[in-house]
Each structure stands twice: as structure tokens, then as C-alpha cells.
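just need the structure, nothing else, for what follows:
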Amino acid sequence: MNAKTLDADTAPQPINLEAGRRAFLQTLGLGVVGATLLGFDVGHSPAAAQSITDADIFNFALNLEYLEAEFYLRASVGQGLADAEVQGTGTLGPVAGGRAVPFQSQIIANYANEIARNERQHVNTLRAALGSNAVARPAIDLGFAFTIAARAAGLAGPNDTFDAFANETNFLLAAFIFEDVGVTAYHGAAPLIKDPANLAGAAGILAVEAYHAGIIRTVLYSRGLYTQAQAISDARDSLDGASDLDQGIGNATTSNLTPVDSSGIAFQRTPQQVLSIVYLNAGAQPNGFFPKGLNGNVK
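Numbering: from 1, shown residues only. Here you go, the predicted structure:
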């Protein structure tokens, strides 16, 4: 049983940008951002960080939203973003892998469908904000990249493959790779955002990503996939630096559906840490889910 077709009302609506870019961004709740949105100051000198523009930061986010949208759309309806949703500056790349998951549970199919709609909306919101500055979708690997990740986590042997779209359990484990990363990235931005409008926009996106992460973590827990989730968590932790940040979903005795610190606050990641995870190497060199790297100036 496959998920139903995405709702027609999710198609991007025409937006009048003539009122001015700042006014439009403030309408979105995003305001005008600079180098501090998403906390992109790690590994850069103050001068270099100062040179990163709001368009650079939105494009960094857009690259990641392309990845999530293509994953969830292909899993839920068997096809990705339309051509009009992926054009832009830089090299337009293909998407390798991905197909409709043969869901056995209509509930899980509905979850996948809803998250796919949200991620498509994120893509089109960022593209509308960027206008002609929007980057094209880079090359994305939804095939072998999951095998690399599964082998790193010990969920597949050195000669085995992992098909994220083979069944709903594999889909849920694959989704777990992404979801916590978005939440921690946006939290990392919060202390660095100066304009209240920027903070409101980042908080709104963070909330959606947190809802998604909560769905995936809860379903994994309800299915007793504690060991597999912990293995993925450990693999992410091995990529994002020496600190032990990441958390699994708990065990049969105690759940851990909200990964927080001792103060009950979600932890943070820098963009460099995020890139290390999506590139699937601690050196944050293009590979993994983005085999040719990201488009734009932040990559």
C-alpha cells in the first residue's frame, strides 16, 4: 500500500516581490539575515564570517531542504520535486535512487506524506525568498549513501547494501539519520540571531523539524528499534566532533524521545558538524548524500 498523492493545495503560490526584499522576508518571519543564521561562524575568521550574506545562508538551508524533500517525496509518492522547483544558480544535479516505499501501515504512509508536504513547502519558501539568487538542486545520492551510513552504524556488513526504500522499517531508520540534524542546526542559530524577525522565522522552521523528529523517534520507539536507533546516533556522533552530543531513543525500560541536556534543552550543531554528517565524513568533504558538494558559497 503506497501513500496517496500529495494535496493539490501544496503547490507554491505566486508571490509579489515588488514590495521589496526586506518586506517580503519579514512577512515570512525571516527578516534579513546575515552570517549568524544557522550559526555559520565555525571555521571562519570574523572577516570571512562577516562577508557571508543572507542569501548565502538561505542557500545553505535550501541545499539541505532539497535533500529532505527529495527523500520524503520519493518515499511517499514515488517522484521528487518538479523541474520548476529545482532550477537556479550553480550546477543542477540529478537525484540517484529513491522510489515509493511499499508501506504496510497507512499510518506510516500518512506520516511520510505529511512530512513530504512540509519539506516541499520549505523548499519553495526559501526559493521564493531568494528569488533569482536561489541555488539549483545539487547532485543528491539517495542510494549508496544510505549503504555507507548503514555500514558505518553497523546495520549492514562491509559487503551488504541498505535500501532505505525497501520497506517501512528501513524508511524510518533512514529518516532518523536526517531529522535530529535539522533540529540541532536551527537551535545552534538561535543565540546568534540579532533581529527578532529572524529569530521568529528560525524558531518556526525549528518547530516543524522538531515535530518531524518527534514523529520518527516515537514510531521507532513503539517498534522496539532501540538498538538500531542507537547505532545511527553513535555513527552521527562519530562524525560531528569529539563531543558526545547525539542521543538514541532509549530502551525498553526508559524512553528518550526528546534528546535534551540536563536542563531539558535540545543540543546544538554548527554547520560544519551538519556538513560532516550529510557528507558522511568527519572532514566535511563532499561525499555521501551530496557527492558533488552543495551549491552556493557555504559548503
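
list the contacts for residue 224?
residue 252 (C-beta atoms under 8 Å, 6 or more residues apart in numbering). C-beta: built from backbone N, CA, C; applies to glycine.

now it: how far from residue 255?
Per C-beta to C-beta, to the nearest Å, residue 224 is found 11 Å from residue 255.

okay, now the unreliable bits of the stretch 151-299 of the chain?
Applying pLDDT under 70 to the stretch 151-299 of the chain picks out residues 185-199, 201-202.

helices of that one, start to end?
Ranges of helices within the stretch 151-299 of the chain are 168-189, 196-222, 226-239, 271-278, based on DSSP state H, counting those that start in this stretch.

which other helices and strands does the last one contact?
This means helix 271-278. Where contact means 3 or more C-beta pairs under 8 Å, 6 or more residues apart in numbering; DSSP states H and E, helix 271-278 is packed against helix 54-77, helix 168-189, helix 226-239.

ok, 6 Å please
In terms of contacts (3 or more C-beta pairs under 6 Å, 6 or more residues apart in numbering; DSSP states H and E), helix 271-278 is packed against helix 168-189, helix 226-239.

single out the most deeply packed of those.
Comparing the helices and strands packed on helix 271-278 by mean neighbour count (mean count of other C-beta atoms under 10 Å), helix 168-189 ranks first with a mean of 23.

kindly calculate the angle that that one makes with helix 54-77.
On the basis of axes from the mean of the first three to the mean of the last three C-alpha atoms, to 10 degrees, helix 168-189 is oriented at 160 degrees to helix 54-77.

can you give the contact residues for helix 168-189?
Contacts to helix 168-189, defined as C-beta atoms under 6 Å, 6 or more residues apart in numbering, come from residues 37-39, 68, 75, 101, 103-104, 108, 146, 149, 164, 202, 205-206, 209-210, 212-213, 216, 219-220, 228-229, 232, 266-270, 274, 277.

give me the buried entries from those residues.
Buried members of those, scored by 16 or more other C-beta atoms under 10 Å, are 37-39, 68, 75, 101, 103, 108, 146, 149, 164, 202, 205-206, 209-210, 212-213, 216, 219-220, 228-229, 232, 266-270, 274, 277.

could the helices and strands packed on helix 271-278 go into TSV alongside distance to residue 261?
TSV is the format used below for the helices and strands packed on helix 271-278 (distance: least, C-beta to C-beta, whole Å):
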stretch	distance to residue 261
helix 168-189	11
helix 226-239	15
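
out of the ones you listed, which is closest to residue 282?
helix 226-239 (5.2 Å; C-beta to C-beta).

relative to helix 168-189, how tilted is that closest one?
Going by the same axes, to 10 degrees, helix 226-239 makes 40 degrees with helix 168-189.

what's the offset of helix 226-239 from the middle of its chain?
Centroid separation for helix 226-239 versus its chain: 17 Å, with C-alpha atoms, centre = their mean, to the nearest Å.

alpha carbons only: can I get it in CSV?
The C-alpha trace of helix 226-239 is given here as CSV (Å, rounded to 0.1, in the frame of the first residue of the first chain):
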residue,chain,number,x,y,z
TYR,A,226,16.2,0.9,20.2
THR,A,227,19.5,-0.8,19.2
GLN,A,228,19.3,0.3,15.6
ALA,A,229,18.5,3.9,16.5
GLN,A,230,21.4,4.0,19.0
ALA,A,231,23.7,2.7,16.3
ILE,A,232,22.7,5.5,14.0
SER,A,233,23.1,8.0,16.8
ASP,A,234,26.6,6.8,17.6
ALA,A,235,27.5,7.0,13.9
ARG,A,236,26.4,10.6,13.8
ASP,A,237,28.3,11.3,16.9
SER,A,238,31.5,9.9,15.4
LEU,A,239,31.2,12.4,12.5
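
same for that helix, what does it pack against?
helix 144-153, helix 168-189, helix 271-278.

now the shortest one: buried residues?
Read that as helix 271-278. So for helix 271-278, counting by 16+ other C-beta under 10 Å, buried means 271-278.

tabulate those residues (TSV), appending distance to residue 261.
Shown next, in TSV, are these (distance: C-beta to C-beta, whole Å):
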residue	distance to residue 261
271	20
272	20
273	16
274	19
275	23
276	21
277	19
278	24
